[in-house]
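Engineer: predicted structure and sequence below. I'll ask about it afterward.
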Amino acid sequence: MSLVEVKGVSKRFGGLTAVSGVDLTVNAGEIHCLIGPNGAGKSTLFKLIVGLYPPTEGSILFDTVDITAERPYARVQRGMSIKMQAPSVFKELPVRQNIQTALQERLSGSERIAEEDRLLTLLNLAADCDKLAGALSHGQQQWLEIGMALALKPQLLLLDEPTAGMSPEETFKTGELIRSFNAEGMTVLVVEHDMAFVRQVAQRVTVLHLGRIFARGTLDSILQDEKVAEIYLGKTHAH
Ligand SMILES: Nc1ncnc2c1ncn2[C@@H]1O[C@H](COP(=O)(O)OP(=O)(O)OP(=O)(O)O)[C@@H](O)[C@H]1O
């Protein structure tokens, strides 16, 4: 069953067409990676899906409902949770309080503390829960923000380059983290450059190039397409 359907979506900025006639389906329960060389239109497509840009043409469905005209907040209420590229944790607050802020009024009393503890353990941040978020490493701040996105118990987690600026070890841990949420049933759409990470997590991959869908399938099937591997993934590796 498809959770997200992008139908014939285009986005023009003045004379520049950043995304052109894109059809994309994200199935419920999958980890889907969106890849492609610099300037391919990945971030623009991501922003169209989360509602930060209105499309110039086309429509976007979430769980069969047309959400094309909905603001990001309404999409979050429907079950999308978004983590943009740069970490935006509350640096002056302790780690646990960041998680509490994200949980809002969803839980109270002991249930709330249990959920905080569950998330902190999942994020490998239990030992650092009293530290100020600003004192965490870059990778830990990214995990904390992923945890804040998870606190909303979304159906769909949208991640824009979650491993940007991470060491290979942090990148691997991030992949394991994402696979663990997915194993519990969460659908994940990730924009990524790091091919080792894509190999670790992706069940399906879509390649964008010059704003259009260039290829889609499993990573292995895409890598077997010489044109993709040499021309596009080659550039992505070098990024
Ligand atoms: N707000 C904007 N106004 C004008 N042009 C834009 C805007 N956002 C993106 N573009 C242009 O649209 C094209 C696609 O950019 P986009 O950032 O979506 O690509 P990308 O695949 O995410 O690239 P990267 O991997 O480098 O982040 C580029 O030519 C970019 O300059």
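Structural biologist: Here it is on my side, so go on.
Engineer: low-scoring stretches of the protein, by residue?
Structural biologist: Per-residue confidence for the chain (pLDDT under 70) gives these ranges: 87, 229-239.
Engineer: enumerate the residues of this structure near the ligand.
Structural biologist: Neighbours of the ligand within the chain, by Cβ under 6 Å from any ligand atom: 13, 16, 18, 36, 38-44. In this view, the C-beta of every residue, glycine as well, is placed from N, C-alpha and C.
Engineer: widest-spaced pair of these?
Structural biologist: Taking Cβ to Cβ, the two most distant members of these are F13 and G36; they sit 17.5 Å apart.
Engineer: re earlier: among the residues of the chain next to the ligand, who's most crowded?
Structural biologist: When neighbours are counted by other Cβ atoms under 10 Å, G36 leads the residues of the chain next to the ligand with 27 neighbours.
Engineer: list the buried residues for the longest helix along the chain?
Structural biologist: Longest helix in the chain, counting residues (DSSP state H): helix 168-183. With burial defined by 16 or more other Cβ atoms under 10 Å, the residues of helix 168-183 counted as buried are 170-171, 173-175, 177-178, 181-182.
Engineer: strand partners of the helix or strand just after that helix, parallel vs antiparallel please.
Structural biologist: Using DSSP states H and E, the next helix or strand after helix 168-183 towards the C-terminus is strand 187-191. Here strand 187-191 is paired, per DSSP bridges, with strand 31-35 (parallel), strand 156-160 (parallel).
Engineer: so which residues of this protein form strands?
Structural biologist: 2-13, 16-27, 31-35, 57-62, 65-66, 80-83, 156-160, 187-191, 204-209, 212-217 (DSSP state E).
Engineer: from the chain's centroid, how far away is the third one?
Structural biologist: Right, strand 31-35. 9 Å (Cα atoms, centre = their mean, to the nearest Å).
Engineer: what's the answer for the shortest one, then?
Structural biologist: Centroid separation between strand 65-66 and its chain, computed with Cα atoms, centre = their mean, is 20 Å.
Engineer: that strand: partners in the sheet, and parallel or antiparallel?
Structural biologist: strand 57-62 (antiparallel).
Engineer: in the partner strand, what's buried?
Structural biologist: Buried, per 16+ other Cβ under 10 Å, within strand 57-62: 58, 60-62.
Engineer: the residue nearest the centre of the chain pairs with what?
Structural biologist: Note on the chain: the residue nearest the mean C-alpha position is L159, at 1.5 Å, using Cα atoms, centre = their mean. Here L159 shows beta-bridge partners K83, V190, assigned using DSSP bridges.
Engineer: surely it meets V190?
Structural biologist: Yes: L159 lies in contact with V190 (Cβ atoms under 8 Å); the separation is 4.6 Å.
Engineer: overlap of the contact sets of the two?
Structural biologist: I178 (Cβ atoms under 8 Å, 6 or more residues apart in numbering).
Engineer: how about the closest residue to L52 other than its chain neighbours, what does it touch?
Structural biologist: With Cβ to Cβ, 6 or more residues apart in numbering as the criterion, L52 has its nearest non-adjacent residue at 6.1 Å, and that residue is P72. Going by Cβ under 8 Å, 6+ apart, P72 touches 50-52, 82.
Engineer: mind doing that once more with 7 Å?
Structural biologist: Residues near P72 by Cβ atoms under 7 Å, 6 or more residues apart in numbering: 50-52.
Engineer: what packs against the longest helix of the chain?
Structural biologist: The contact analysis (3 or more Cβ pairs under 7 Å, 6 or more residues apart in numbering; DSSP states H and E) places helix 168-183 against helix 138-150, strand 187-191, helix 195-201.
Engineer: quick one on the thing from earlier: closest to M166 out of the strands paired with strand 187-191?
Structural biologist: Nearest to M166 among those is strand 156-160 (12.5 Å), distances taken as Cβ to Cβ.
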